[in-house]
Each structure stands twice: as C-alpha cells, then as structure tokens.
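Below: sequence and its predicted model.
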Amino acid sequence: MTAAPSASEAALVLDGAAFGYAGETRVERLSLDVPRGAAVALIGPNGSGKSTLLRGILGLAELTAGEVRVLGGSPDRARRSIGTLPQTDSRDTTLPVSLRQVVTMGLYRSRGALRPIGREGRAAVAAALERVGLAAFAGRRFGELSGGQQQRGILARALVSDPQLLLLDEPFNGLDRENRDALLRLVRELRDEGRTVIVSTHDLEIAQQACTHVLLLASGHTPDQPGHPAAFGPLDEALTLDAVQHAFQDTTVELDHHTVTTTRETE
Ligand SMILES: Nc1ncnc2c1ncn2[C@@H]1O[C@H](COP(=O)(O)OP(=O)(O)OP(=O)(O)O)[C@@H](O)[C@H]1O
C-alpha cells in the first residue's frame, strides 16, 4: 500500500481558518500549510480546540471564517481519502462484531456499504490487520480485545482504505509501553510512505519521537473564548519552551536537554 504521489499542493492549507459549532468559533486564527508526508503533533491543553480542528478538516465542524483546503480540495471531497481514529471515549465496544468486521467498515467510506467487498477488499483487510500486528485476532469479538488491541484495530480500520491523510485523535491515551512503541513506529512508517499524519496528543515526548512538525494550540483567556495557535512549524523550530508555556499557561512545563514534558492532563 502506498499513498498516491499527487500534486505538489500541501496536504492541508488553512488560511485564516476558524472552526466551531452552531456559528460559534471554538478555534481560530489558523494559517498554515502542512506539507505532504509530514507528521504533525497537535498539542494543546483540554478545550483548546484540537478535536474541533480535526473535525473541521473532515468537514464535520463548521468553518466559521477563512478557508480550508484538504488534499487540494474541500474537506467534503477529501473525506474519502482520510483515515480517522476518533477518541477512545467516543467508541462503542458493545456491538457484537468481530475485529475483522470493524476493519472492513473502513472500506465503506470509499466503496459504499452495499458494494460487495470482494477478494481485493478482503486482502486489504488482512493486510491492515497484519500491519498492526493483529492478524491472529481477526475473528475475535471486538469488545473482548484489550484497550491497546482495540486501538490498533481502529487504526487498521483507518488504514484499510489506503488513506493519504490520517487524523488520529489522542491515539496514545491509555496505551501501555509496548502498544505505544508500536504506534510510534507505525506513524514513522506512514510518513516514510508519503502519507500525512496529524496526531493530537498531550504528550510532547510523542511529538519528538514520531513527528516532523508541531502545531501548539493555546486556550482562550476565558473558557468562552476560542483556542488559537501558539506555534506551528518544523519540530525543532516550533517546539520551544516559550511556545509550550504560551499554550499550557497554567500547567507546569519543564525543558531539559532534549525532553519537554508537561503535566499529563488526562491522568
Ligand atoms: N459538538 C460540540 N458542540 C459545541 N461545542 C463543542 C462541541 N465539541 C467541543 N465543543 C467545545 O469546543 C471547545 C474545544 O473543544 P475540543 O474538544 O475541540 O478541545 P480539545 O482541545 O480537543 O480538548 P480535549 O483535550 O479535552 O479533547 C470546548 O469549549 C468544547 O466545549
């Protein structure tokens, strides 16, 4: 599986973009180009608008100002070429479906749910499961897998349609060291294949280990003000103590020789 090497246009272009709900902006002042093949760590405190931005890229949050281009077109047009991993807490694990069925659902977006999956589709599902190390678990009921295995299964569902852009919302939350390392390796591989990855996280170490770029979001001064960028750029330029402190105003921030850490807000 390789991403189609298409146009030189950036994977994501935001020009004065703002996103929100019911006409109310929740994240704003976004002007940036994400080059194809970049892995962007999307970092910010709770409520700064990380998920809203990811939904905006998918056309699922409202564009309240500015412009957005995704893979050279509108979010609606690009959606078929985007693989997503939503936050763990938005996941229904009670459905009586197998892991294989969950991954197969990832094909529906590009092919429609009614078209038969066929040999090629089954091979893509098997390859995606293989890729995340879960080939042996294909027939298992999804809800009976461990949290880390479910996370990898959802990632396989995101990968099965050979997406050019992957949006991963807090994929590292709750993962043990082994699953975390496997996911870090996979993010690096995806970007080596020319795919673009945007991954939201509270953990700066993850940014440093797997990403090429960072977008730091800061919250508004009061809870009803929208979030906004504190920095964007290649990791070594944008991930500075100043920018991190701006983004995480009320949070302890430490910077040692190579590691920036913040208090993990989700724990
Ligand atoms: N569906 C929605 N309708 C209205 N407001 C929303 C909706 N989803 C999020 N918000 C609001 O938008 C703001 C940004 O929330 P968002 O979930 O994007 O932040 P986040 O940075 O992803 O936070 P977290 O780290 O807690 O996931 C918050 O004030 C939140 O209450």
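Structure's in. What do you need? Numbers count the residues shown, from 1 in each chain.

Please make it C-alpha for all contacts and neighbour counts, starting now.
Will do.

quick one: contacts of the lengthiest helix in the chain?
Ranked by number of residues, the top helix in the chain under DSSP state H is helix 177-192. Here helix 177-192 makes contact (Cα atoms under 8 Å, 6 or more residues apart in numbering) with 37-39, 132, 148, 152, 172, 196-197, 206, 209-211.

again, only using 10 Å
The contact list for helix 177-192 (Cα atoms under 10 Å, 6 or more residues apart in numbering) reads 2-3, 36-39, 131-133, 147-149, 151-152, 155, 159, 163-166, 168, 171-175, 193, 195-199, 206-207, 209-212.

Buried residues, that helix. List them.
Across helix 177-192, burial judged by 16 or more other Cα atoms under 10 Å covers Asn179, Arg180, Asp181, Leu183, Leu184, Leu186, Val187, Arg188, Leu190, Arg191.

same deal with stretch 55-66?
The neighbour-count check on stretch 55-66 (16+ other Cα under 10 Å) flags Arg55, Gly56, Ile57, Leu58, Gly59, Leu60, Ala61, Glu62, Leu63, Thr64, Ala65 as buried.

Endpoint to endpoint, that stretch covers what distance?
16 Å (Cα to Cα, to the nearest Å).

hmm, back to that, of the contacts of helix 177-192, buried ones?
Buried members of these, scored by 16+ other Cα under 10 Å, are 3, 36-39, 131-132, 147-149, 151-152, 155, 159, 163-166, 168, 171-173, 175, 193, 195-199, 206-207, 210-212.

Within reach of the ligand, which of the residues you listed are there?
Among these, no residue is within reach of the ligand (Cα under 6 Å from any ligand atom).

Just those residues: which are in helices?
Arg131, Gly147, Gly148, Gln149, Gln151, Arg152, Leu155, Leu159, Ile206, Ala207, Ala210.

Export those residues as CSV, with columns for distance to Gly16 and pLDDT.
Shown next, in CSV, are these (distance: Cα to Cα, whole Å; pLDDT from 0 to 100):
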residue, distance to Gly16, pLDDT
Arg131, 38, 93
Gly147, 38, 86
Gly148, 37, 87
Gln149, 39, 89
Gln151, 33, 89
Arg152, 35, 90
Leu155, 31, 93
Leu159, 30, 95
Ile206, 28, 85
Ala207, 25, 88
Ala210, 28, 92
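
circling back to that earlier point, the buried residues of stretch 55-66 in strands, which ones?
Residues of the buried residues of stretch 55-66 located in strands (DSSP state E): Glu62, Leu63, Thr64, Ala65.

What's opposite the first one in the beta bridge?
Read that as Glu62. Taking DSSP bridges as the rule, Glu62 bridges to Gly20.

Just to check, it is in contact with Leu54?
No: with contacts counted by Cα atoms under 10 Å, Glu62 stays clear of Leu54, the gap being 11.3 Å.

which bits of the chain sit near the ligand?
Tyr21, Arg26, Pro45, Asn46, Gly47, Ser48, Gly49, Lys50, Ser51, Thr52.

Can you flag the buried ones in the residues you listed?
Neighbour counting over those (16+ other Cα under 10 Å) leaves Arg26, Pro45, Gly47, Ser48, Gly49, Lys50, Ser51, Thr52 as the buried ones.

Closest to Arg140 out of the residues you listed?
Nearest to Arg140 out of those is Ser51 (Cα to Cα; 30.0 Å).

Appreciated, that's everything.
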